[in-house]
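> 3D, please:
(one chain, ligands or ions: 1)
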Amino acid sequence: MKQMVQQTATRISESLNQSRGVELTPLQSALAVAADADVLSLAMGLPDPSLFPVSAIQEAVARVLSFSRSALQYTLPCETLKKKICSLMLDRGVDCSPDCIFLTSGAQQAISLVSTLLLSIGSSIVEEELSYPNFQCLVDSFRPQILRVPTNSTCGIDVDVVEKLLVKGVRPALIYVMATAHNPLGVTLSRDKRRRLALLAREFEVPIVEDDPYGALFYDIEPIPSLCSFDQQWIYYVGSFSKILCPSLRVGWVVAPEECIKPLSIIKEGCDLNISTFSQWIVNDFLDSENIVGHTELLRKVYRGKRDAMNAALEKHMPQNVHWEIPACGIFFWLDLPEHVNASALLSRCVSEEKVAFLPAEAFSRNKRSNGMRLNFSHRSIDQITEGVARIGRVLHR
Ligand SMILES: Cc1ncc(COP(=O)(O)O)c(C=O)c1O
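This is a model prediction of the structure:
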């Protein structure tokens, strides 16, 4: 039996074209480390659980259940939730109709369904050198040709390189972009770069998938309109309630041209049959009865304090040859380490010597870039953030 399971795992791994065999993915490894109560993990992108609106959700659950048994049934997507998402999208600069909204199980499923819609086996994809590993993982099953574009924590994706590729005649099936609060780099693209990317998408008729789960978490800047606000025909927007409400309800959405909604629903049906009616109704009820604007303001206030605490700790404890930018949005710091430092090796030492964890650059890089790390500041308390950074600093100094 054990052998059979091993063979199946190997087969899945091979079909996903992953060179790492049946090892855990970076996220699974981080979850395993985070589950060890002795390790102070700054690795995962978890929200602060003390900010989950528990009693409001309890009340929403009670109301939803008393309203109709259909909450527990196979049903159609929640139309009133779509309308509310349209109002949230106005804050992201997008004026869209509910007919352009497709509800999903979180942003992850949204990216997966849109990728399935746009990709064929062997399609080419424009991806940043450092990118969200769960996007890389999901598109691997298409055995894509990856067109890697430089990126960094100061300016984000190199739009000139994207333009050169397109001008040369390359036509990727999609460009994957996190314009706001890039994961892992923390960088937010300027308005000018957004406009240029949107123009390129339109001129060369190449779809962009804009992954935006952190769009509402901006700190000392005015919110920049989403990439999608510059073009709704070529940009497929992905949103989520995971970071502004809670991840376990698994409610996300796509804003796409109306003609894509039916095909997306067929792909989704093949994937998980039906929506999570219960979750969608809870979110819908929460938005009816609670002030989501006030709630996101609270998140921004608390996370801004944590971000500043992490920055202060980094300034105090990091050696001079470690560099970072203060993220204006999102929940991550990215640290550029000296060339000779291998962050994966550093992580092993941090876990064994100081019981602290982060995600190393390798988790985000197909070409195994090693000298960088991502630190999360939303999940832990300010004291834990300060202590965690001090521990990493001690290992780096050693
Ligand atoms: C960039 C990015 N996209 C998508 C997701 C998935 O979000 P969800 O929980 O809505 O599936 C995450 C989760 O952390 C993320 O960081």
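
> quick one, helices of the stretch 151-300 of the chain?
Along the stretch 151-300 of the chain, the segments classed as helices by DSSP state H, counting those that start in this stretch run 159-167, 191-204, 261-272, 277-289, 292-317.

> hey, which of these is tucked in deepest?
Using mean count of other C-beta atoms under 10 Å, the stretch among the helices of the stretch 151-300 of the chain with the largest mean neighbour count is helix 277-289, at a mean of 21. C-beta: built from backbone N, CA, C; applies to glycine.

> mean confidence score for that helix?
If you average the pLDDT over helix 277-289, you get 97.

> any chance of CSV for the helices of the stretch 151-300 of the chain, columns distance to the ligand?
Below are the helices of the stretch 151-300 of the chain laid out as CSV (distance: least, C-beta to the nearest ligand atom, whole Å):
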stretch, distance to the ligand
helix 159-167, 19
helix 191-204, 17
helix 261-272, 13
helix 277-289, 12
helix 292-317, 14
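
> out of these, which comes closest to Met178?
Among the helices of the stretch 151-300 of the chain, the nearest to Met178 by C-beta to C-beta is helix 191-204 (11.9 Å).

> that closest one - contacts with which helices or strands?
Applying 3 or more C-beta pairs under 8 Å, 6 or more residues apart in numbering; DSSP states H and E, one finds that helix 191-204 contacts helix 159-167, strand 174-177, strand 208-211.

> residues in contact with it?
155-157, 159, 162-163, 166, 171, 175, 177, 179, 189, 206-208, 224-227, 230-231, 233-235 (C-beta atoms under 8 Å, 6 or more residues apart in numbering).

> now it: average pLDDT?
98.

> tilt between it and helix 159-167?
Here the directions of helix 191-204 and helix 159-167 differ by 0 degrees (axes from the mean of the first three to the mean of the last three C-alpha atoms, to 10 degrees).

> relative to Lys82, which of the helices of the stretch 151-300 of the chain is closest?
So among the helices of the stretch 151-300 of the chain, helix 277-289 is nearest, using C-beta to C-beta, at 9.3 Å.

> tilt between the closest one and helix 292-317?
Using the same axes, to 10 degrees: helix 277-289 against helix 292-317 is 100 degrees.

> now do the contacts for Pro144.
119, 122-125, 173.

> likewise Asn183?
45, 132, 214, 330, 332, 374.

> kindly report the same for Glu127.
By C-beta under 8 Å, 6+ apart, the contact set of Glu127 is 135-136, 146-149, 176, 366.

> now, among the contacts of Pro144, which is nearest to Thr80?
Leu119 (32.3 Å).

> would you confirm that the closest one contacts Phe142?
Yes - assessed by C-beta atoms under 8 Å, Leu119 is found in contact with Phe142 at 4.6 Å.

> and this protein, which residues reach the ligand?
By the rule C-beta under 6 Å from any ligand atom, the part of the chain lying against the ligand is 45, 106-108, 132, 178, 183, 211, 213, 240, 242, 247, 252.

> below-threshold pLDDT in this protein: ranges please.
1-23, 25-27, 30-31, 34 (pLDDT under 70).

> the helices and strands packed on helix 191-204: which one's closest to Glu79?
That would be strand 208-211 among the helices and strands packed on helix 191-204, by C-beta to C-beta, at 23.9 Å.

> how far off centre is that closest one?
A distance of 11 Å separates the centroid of the chain from that of strand 208-211, by C-alpha atoms, centre = their mean, to the nearest Å.

> who are the packing partners of that strand?
Going by 3+ C-beta pairs under 8 Å, 6+ apart, strand 208-211 lies up against helix 106-118, strand 174-177, helix 191-204, strand 235-240.

> and the longest one with strand 235-240, angle?
Helix 191-204 and strand 235-240 meet at an angle of 130 degrees, taking the same axes, to 10 degrees as the criterion.

> about what we covered before: got JSON lines for the helices and strands packed on helix 191-204, with distance to Pro77 too?
Below are these laid out as JSON lines (distance: least, C-beta to C-beta, whole Å):
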{"stretch": "helix 159-167", "distance to Pro77": "34"}
{"stretch": "strand 174-177", "distance to Pro77": "24"}
{"stretch": "strand 208-211", "distance to Pro77": "21"}
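
> contacts only, for the residue in the chain that the ligand sits nearest to.
Residue nearest to the ligand within the chain: Gly106 (2.7 Å; C-beta to the nearest ligand atom). By C-beta under 8 Å, 6+ apart, the contact list for Gly106 reads 240, 242, 247, 250-252.

> so which of these wins on neighbours?
Val251 (28 neighbours; other C-beta atoms under 10 Å).

> what residues are up against that one?
So Val251 contacts 81, 103-106, 240-241, 245, 276, 279-280, 283 (C-beta under 8 Å, 6+ apart).

> fine by me, we can end here.
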